[in-house]
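K.L.:
Got a sequence here, can you build the structure:
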Amino acid sequence: MWDPFKPKDSIWYCWRLNGAGAYLRKDGEIWRIAFNIIPFYERNHDFRGPDAEEPPESLPVTRTWGPGEEVSLHPYLSAEPYILRVREKVAIAPGQSAYFTAVLPPVVRFESAPETVLAETMPITLPKTWFGPDTMNGEFGHSLTGGILPHNAGQETPPSLFIHGKILIKNSAKTMFELEHFVVYPEPLNIYVYKDRLISDTLELDFFGTDQKTTVGQPKEGDYRLISPGIKSGVGETIARRSVDIIKNITRF
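P.N.:
Next up is the predicted model:
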């Protein structure tokens, strides 16, 4: 699904993306691209491709000039934050820790060469939520109810468009920590392919009363293939730490 693909000229191909779709046709150095974009609640389990298939006539087609014989469909985390909401409030006792899994729909890009983007979109869209300490300092992010789940280390998820990332929360404070919302700033996170699944780095948060320590951990075992690197400019931990700063500042869901 995510490997380079060499299309034949003048044939439409389709990538099935859990109910959404990405269509591509190559005519010499002209790439014709169409996306079928759906809301999150219309998703399904149909994930496959590329297969020879024409797009529906109702979809707008974009023409892009670009050299190259191969094309890749690559997933990326959105540049905007993801606001995740647990379905039931979770309490973590002092001295305890808990693993969670974040399930995030990505942005996808058709690329004819490294860093040569032909087109991009978020094929499975989420509603936008305004959040922040006040209307002057807030921002928009992707709102996803149920996007953070208790983690089962032995759980196998089927191949899909969605990116799965571990979140480890440690409570080193002397009081109970309650989790209802979590905000992921995705800039520092790498994306890997592992057993035909998309996996991100692990976010680790340790709470010390009103203070916290945030780190980003990479997978240490297994055949993880890096396909989308995060921003490694030395500010990754600072960016990730912002996720903690605004947990209690959600203004609207």
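K.L.:
Now for Gly19, how many residues are close by?
P.N.:
20 (other CB atoms under 10 Å). For glycine as for every other residue, the C-beta is placed from the backbone atoms N, C-alpha and C.
K.L.:
Then Tyr82?
P.N.:
26.
K.L.:
measure it to Arg48 for me?
P.N.:
25 Å (CB to CB, to the nearest Å).
K.L.:
All the strands of the stretch 101-250 of the chain, residue numbers only.
P.N.:
Assigned strands in the stretch 101-250 of the chain, in chain order: 107-113, 116-121, 124-125, 128-131, 139-145, 148-150, 163-171, 177-184, 191-194, 197-200, 202-208, 211-217, 225-228 (criterion: DSSP state E, counting those that start in this stretch).
K.L.:
which stretch among these comes nearest Thr64?
P.N.:
strand 116-121 (4.7 Å; CB to CB).
K.L.:
model confidence over the closest one, on average?
P.N.:
The average pLDDT within strand 116-121 is 92.
K.L.:
Please apply the same query to stretch 3-18.
P.N.:
Mean pLDDT, computed over stretch 3-18, is 95.
K.L.:
go on, stretch 145-160?
P.N.:
On average, stretch 145-160 scores 72.
K.L.:
circling back to that earlier point, as CSV, the strands of the stretch 101-250 of the chain with distance to Glu88 would be great.
P.N.:
Shown next, in CSV, are these (distance: least, CB to CB, whole Å):
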stretch, distance to Glu88
strand 107-113, 29
strand 116-121, 33
strand 124-125, 24
strand 128-131, 19
strand 139-145, 11
strand 148-150, 10
strand 163-171, 15
strand 177-184, 9
strand 191-194, 28
strand 197-200, 24
strand 202-208, 20
strand 211-217, 23
strand 225-228, 32
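K.L.:
Just send these back as a markdown table, with mean neighbour count too.
P.N.:
Shown next, in a markdown table, are the strands of the stretch 101-250 of the chain (neighbours: other CB atoms under 10 Å):
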| stretch | mean neighbour count |
| --- | --- |
| strand 107-113 | 19 |
| strand 116-121 | 16 |
| strand 124-125 | 18 |
| strand 128-131 | 18 |
| strand 139-145 | 18 |
| strand 148-150 | 18 |
| strand 163-171 | 20 |
| strand 177-184 | 19 |
| strand 191-194 | 19 |
| strand 197-200 | 21 |
| strand 202-208 | 18 |
| strand 211-217 | 15 |
| strand 225-228 | 15 |
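K.L.:
ok, Val107 - contacts?
P.N.:
With contact set as CB atoms under 8 Å, 6 or more residues apart in numbering, Val107 has these partners: Pro75, Tyr76, Leu77, Ser78, Glu120, Thr121, Met122.
K.L.:
Settle this for me: the third one is touching Val108, isn't it.
P.N.:
Pointing back at Leu77 there. No - with contact defined as CB atoms under 8 Å, Leu77 does not reach Val108; the gap is 11.0 Å.
K.L.:
Which residue, neighbours along the chain excluded, lies closest to the residue located most distally from the centre of the chain?
P.N.:
Distance from the C-alpha centroid of the chain, by CA atoms, centre = their mean, peaks at Lys174 (33.5 Å). Distances taken as CB to CB, 6 or more residues apart in numbering place Pro94 nearest to Lys174, at 5.3 Å, with adjacent residues excluded.
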